[in-house]
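Visitor: Need coordinates for the below:
(one chain, ligands or ions: 1)
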Amino acid sequence: MTIAANYETIQGRIETACRRSGRSPQSVTLVGVTKKHPAQAITEALQTTPIRHFGENYVTEYVNKREQLGPTEAQWHFIGHLQRNKVRQLMAFPPLLIHSVDSPELAVQINRVSAEVSPDARQDILVELRIGDEDSPKTGIKPEDLPQLAQTLDDCRHLHWTGLMLIPPIGHHPEDSRPYFRQIRELLDTLNRQRTEKLSILSYGMSDDFEVAIEEGATHIRLGTCIFGPRQNA
Ligand SMILES: *Cc1c(COP(=O)(O)O)cnc(C)c1O
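Guide: This next block holds a predicted model:
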């Protein structure tokens with residue numbers, strides 16, 4: 001299957017899920033996840049589909065692709081676990097949105113580098129949560145540690161906190177993700193009741209559970225395999 005054919009199928013499913021939950025398809029941004037796919041896959045998607053948002057997980061791979069592709073219409077999302085010592089390399093090409101801020105130390109480092117590379121801009125970021133037990137990914141911040149991170153973010157003048165991101169524990173069925181998505185959505189509502197600068201982005205839903213994610217309010221779904229096929233050396 002081509003990327004364009006996969007896109008057509010998936011876009012149909014996105015629209016059906018939106019209709020079912022009374023949402024506009026424009027309220028859901030499809031982020032094409034291209035980790036471990038060559039830059040050529042991004043070029044093909046730009047030429048043959050309306051996908052303009054792309055997500056990458058690894059800093060070196062991201063920077064290499066940005067250099068290789070040069071200026072394009074692509075909007076970039078950094079969705080992978082980010083180490084503090086890679087922030088400077090990442091910010092050589094500031095992404096539209098960093099989805100994976102999960103500690104005060106990381107926030108402070110992004111804030112510092114952002115101030116250096118673009119003094120007049122604020123880097124948009126999401127906080128990645130970690131919920132569930134042993135089966136959950138090892139990245140993200142536990143909800144009980146969020147207040148401290150939130151305080152740090154309020155002091156980071158070069159960051160703009162716009163929402164929450166989640167990778168749920170691995171399930172056997174798309175429905176297994178629903179309670180986790182719902183928990184994140186309720187957390188966003190709780191935070192917004194106390195905030196003047198409202199959070200509006202909910203980043204969850206991958207190839208296996210994006211329809212449930214849309215039903216539970218996702219504004220950004222991160223789709224890799226179902227659009228681009230199996231990853232190389234994945
Ligand atoms: C790889 C990845 C995705 C895409 O996963 P698929 O199951 O291939 O759709 C989404 N989000 C994150 C954070 C990822 O690492």
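
Visitor: so what's the residue nearest to Thr139 when sequence neighbours are not counted up against?
Guide: Leaving aside its sequence neighbours, Thr139 sits nearest to His81 (Cβ to Cβ, 6 or more residues apart in numbering; 4.6 Å). Quick note: C-beta positions are derived from backbone N, CA and C, even for glycine. Going by Cβ atoms under 8 Å, 6 or more residues apart in numbering, His81 touches Asn57, Ser100, Asp102, Thr139.

Visitor: Just the residues contacting the helix or strand encompassing the second one, thanks.
Guide: Meaning Ser100. According to DSSP states H and E, Ser100 maps onto strand 97-101. For strand 97-101, contacts defined as Cβ under 8 Å, 6+ apart pick out 55, 77-82, 90, 107, 110, 123-128, 139-140, 149, 153, 162, 165, 201, 203, 220, 222.

Visitor: Apply 6 Å and report the result again.
Guide: Identification of contacts with strand 97-101 by Cβ atoms under 6 Å, 6 or more residues apart in numbering yields His77, Phe78, Ile79, Leu82, Ala107, Asp124, Ile125, Leu126, Val127, Glu128, Met165, Ser203.

Visitor: Can you list the strands that it pairs with?
Guide: Its sheet considered, strand 97-101 pairs with strand 75-78 (parallel), strand 123-129 (parallel) by DSSP bridges.

Visitor: Let me have these in JSON lines, extended by mean pLDDT.
Guide: Converted to JSON lines, those look like this (pLDDT from 0 to 100):
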{"stretch": "strand 75-78", "mean pLDDT": "98"}
{"stretch": "strand 123-129", "mean pLDDT": "98"}
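
Visitor: Turn those strands into a markdown table, including distance to the ligand and mean neighbour count.
Guide: As requested, those are exported to a markdown table (distance: least, Cβ to the nearest ligand atom, whole Å; neighbours: other Cβ atoms under 10 Å):
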| stretch | distance to the ligand | mean neighbour count |
| --- | --- | --- |
| strand 75-78 | 9 | 22 |
| strand 123-129 | 8 | 24 |
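
Visitor: returning to what we had before: and of the contacts of His81, the nearest to Arg23?
Guide: Ser100 (25.1 Å; Cβ to Cβ).

Visitor: any idea how far that closest one is from the ligand?
Guide: Remark: distance between Ser100 and the ligand (Cβ to the nearest ligand atom, to the nearest Å) = 7 Å.

Visitor: same thing with Leu69?
Guide: In terms of Cβ to the nearest ligand atom, Leu69 sits 20 Å off from the ligand.

Visitor: residues touching that residue, list them.
Guide: Ala39.

Visitor: before we move on, back to that, which among the contacts of His81 gets closest to the ligand?
Guide: Ranked by distance to the ligand (Cβ to the nearest ligand atom), those are led by Asn57 at 4.9 Å.

Visitor: so what's the closest one up against?
Guide: Lys35, Ile79, Gly80.

Visitor: host element of the first one?
Guide: Read that as Lys35. With DSSP H and E as the test, Lys35 turns up in no helix or strand.
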